[in-house]
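Peer 1: Pasting the sequence and the predicted model now:
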There are 2 protein chains.
Amino acid sequence: MSSFRRIGSETIYSGSIVTVGSERFRYDDGPEVKREKVWHPGAVGILPIDAEQVWLTRQPREVAGLQASLEIPAGKRDVEGEPPLQTAKRELAEEIGQQAASWEELKIFFTSPGFSDERVWLYLARELSDAPPAAADEDERIEIVPWPLDRLDQAVAECEDSKTLIALLWLGQALERGQLPRR
Amino acid sequence: MSSFRRIGSETIYSGSIVTVGSERFRYDDGPEVKREKVWHPGAVGILPIDAEQVWLTRQPREVAGLQASLEIPAGKRDVEGEPPLQTAKRELAEEIGQQAASWEELKIFFTSPGFSDERVWLYLARELSDAPPAAADEDERIEIVPWPLDRLDQAVAECEDSKTLIALLWLGQALERGQLPRR
């Protein structure tokens, strides 16, 4: 397959989360293409489990029209230079008040690679305990939802969020295969 | 949980794929919030399987920096008023030259509901046969990749695309549970 390299970039709008513009690429076999692009700082998602449950949240996602979206704890990589694992530890404490002694990177993926460079770093967090109190973002409305591991199918049915579906389907597979001893 | 309603909307930039701006919302319990928003027409994804394989593609995703992204056949809902199932049938023919006698809607989800309204309609397509020749988009570079059903884990390992990870993890679960008779 012919490969491309980037030959130009133009920014049209810089918002609070995203930057919008376009990039131009040239292929080895000749043609040049221009692509609209939404730059995004990326995000972390955390799959926090104990022996009985996975710790989920419900929160409004206004721009998607969702009054209460069932999701894993997550957050944007909005602190310049912060490694994603550190962001994940911070978000786990901020969103569900927990810390984890065991962290494992499960997957890094693009949410929508056709138009955006947003990536999600997905972690499995185990050996949970109460975290020291953390300051939550003031306009976040997050309900903590402990969800029984033996009812994952119902969580998948309710969920409409891509990173959470990946996390829950991965978890279901690992549990059914016995690859994730309950501890 | 308190609910919100939208009270205002502002467009800042309209591109070829996305529109960018913000919306304002008011919560029942008082406060008003403003959210940056990327409007997107939505997309379809198709999980086409026969008795032996799932039909995947490899294609460049320039804005994500991916020279060859392993993905299910998919496409934007870029024809005004076209129902998503019809878009899925068109994309299946355009991208891998197949048609399907059996279609099943698996899931509708948001790729990144924190800042975008992009949804993906995901379909299972079975009873495949060659489609009449279709015109492919001229600047699409798509390699057809028949992938053995008994090697799904390797596809998940290679894949970096959220909709494809959801489709492949769903498929693996259905096959392992015997919920999807091979035909």
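Peer 2: Structure received.

Peer 1: which residues in chain A form strands?
Peer 2: Assigned by DSSP state E, the strands in chain A fall at A:4-14, A:19-27, A:32-39, A:43-48, A:53-61, A:66-71, A:74-76, A:98-110, A:119-130, A:143-148.

Peer 1: Name the stretch among those strands that sits most buried.
Peer 2: Mean neighbours per residue, mean count of other C-beta atoms under 10 Å in any protein chain shown, is largest over the strands of chain A for strand A:43-48, with a mean of 25. The C-beta positions use only the backbone N, C-alpha and C, and glycine is treated the same way.

Peer 1: contacts for it?
Peer 2: Contacts with strand A:43-48, where a contact means C-beta atoms under 8 Å, 6 or more residues apart in numbering or on different chains, come from A:54-55, A:72-77, A:84-85, A:87-88, A:91-92, A:96, A:98, A:100, A:106, A:118-126, A:128, A:163-164, A:167, A:170-171, B:112, B:114.

Peer 1: what do you get if the cut-off is 6 Å, keeping everything else the same?
Peer 2: A:55, A:72-74, A:76, A:84, A:87-88, A:92, A:120-125, A:128, A:163, A:167 (C-beta atoms under 6 Å, 6 or more residues apart in numbering or on different chains).

Peer 1: With stretch A:123-135 instead?
Peer 2: A:46-48, A:50, A:88, A:93-94, A:97-106.

Peer 1: pLDDT averaged over it - what is it?
Peer 2: Stretch A:123-135 shows a mean pLDDT of 90.

Peer 1: Alpha carbons only: can I get that stretch in PDB?
Peer 2: Output of stretch A:123-135 as PDB, limited to C-alpha atoms (Å, rounded to 0.1, in the frame of the first residue of the first chain):
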ATOM      1  CA  TYR A 123      -6.700   1.300  31.700                       C
ATOM      2  CA  LEU A 124      -7.800  -1.600  33.900                       C
ATOM      3  CA  ALA A 125      -7.600  -0.500  37.600                       C
ATOM      4  CA  ARG A 126      -7.700  -3.100  40.400                       C
ATOM      5  CA  GLU A 127      -7.100  -3.400  44.100                       C
ATOM      6  CA  LEU A 128      -9.300  -0.400  44.800                       C
ATOM      7  CA  SER A 129      -9.400   1.600  48.000                       C
ATOM      8  CA  ASP A 130     -10.800   5.000  49.100                       C
ATOM      9  CA  ALA A 131      -8.800   7.900  47.800                       C
ATOM     10  CA  PRO A 132      -8.000  11.100  49.700                       C
ATOM     11  CA  PRO A 133     -10.700  13.600  49.000                       C
ATOM     12  CA  ALA A 134     -10.200  15.300  45.600                       C
ATOM     13  CA  ALA A 135     -11.600  18.500  44.100                       C
END
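
Peer 1: start to end distance for stretch A:91-100?
Peer 2: This stretch, stretch A:91-100, spans 12 Å end to end (C-alpha to C-alpha, to the nearest Å).

Peer 1: ok, and for it, which residues are buried?
Peer 2: Using 16 or more other C-beta atoms under 10 Å in any protein chain shown as the test for burial, stretch A:91-100 gives A:91-96, A:98-100.

Peer 1: Farthest-apart pair in these, please.
Peer 2: A:94 and A:100 (13.6 Å; C-beta to C-beta).

Peer 1: I'd like to know how far the closest residue to residue A:39 other than its chain neighbours sits from residue A:168.
Peer 2: Excluding the flanking residues, the one nearest residue A:39 by C-beta to C-beta, 6 or more residues apart in numbering or on different chains is residue A:19, at 4.1 Å. Distance of residue A:19 to residue A:168, given as C-beta to C-beta, to the nearest Å: 31 Å.

Peer 1: ok, now residue A:88?
Peer 2: 17 Å.

Peer 1: In contact with residue A:36: list those residues for me.
Peer 2: Per C-beta under 6 Å, 6+ apart, neighbours of residue A:36: A:22, B:15-17.

Peer 1: Residues of chain A that sit close to chain B?
Peer 2: A:1, A:3-4, A:12-13, A:15-17, A:20, A:25, A:33, A:35-38, A:60-64, A:67-69, A:109-113, A:115, A:117-118, A:139, A:160-162, A:165-166, A:169, A:173 (C-beta under 6 Å from any C-beta of the partner chain).

Peer 1: I figured residue A:13 hits residue A:37, correct?
Peer 2: No - using C-beta atoms under 6 Å, residue A:13 is not in contact with residue A:37; the gap is 11.5 Å.

Peer 1: ok, what's across the strand from the residue positioned nearest the centre of chain A?
Peer 2: Centroid check for chain A by C-alpha atoms, centre = their mean gives residue A:45 as the closest residue, at 3.5 Å. Residue A:45 has the following beta-bridge partners by DSSP bridges: residue A:74, residue A:122.
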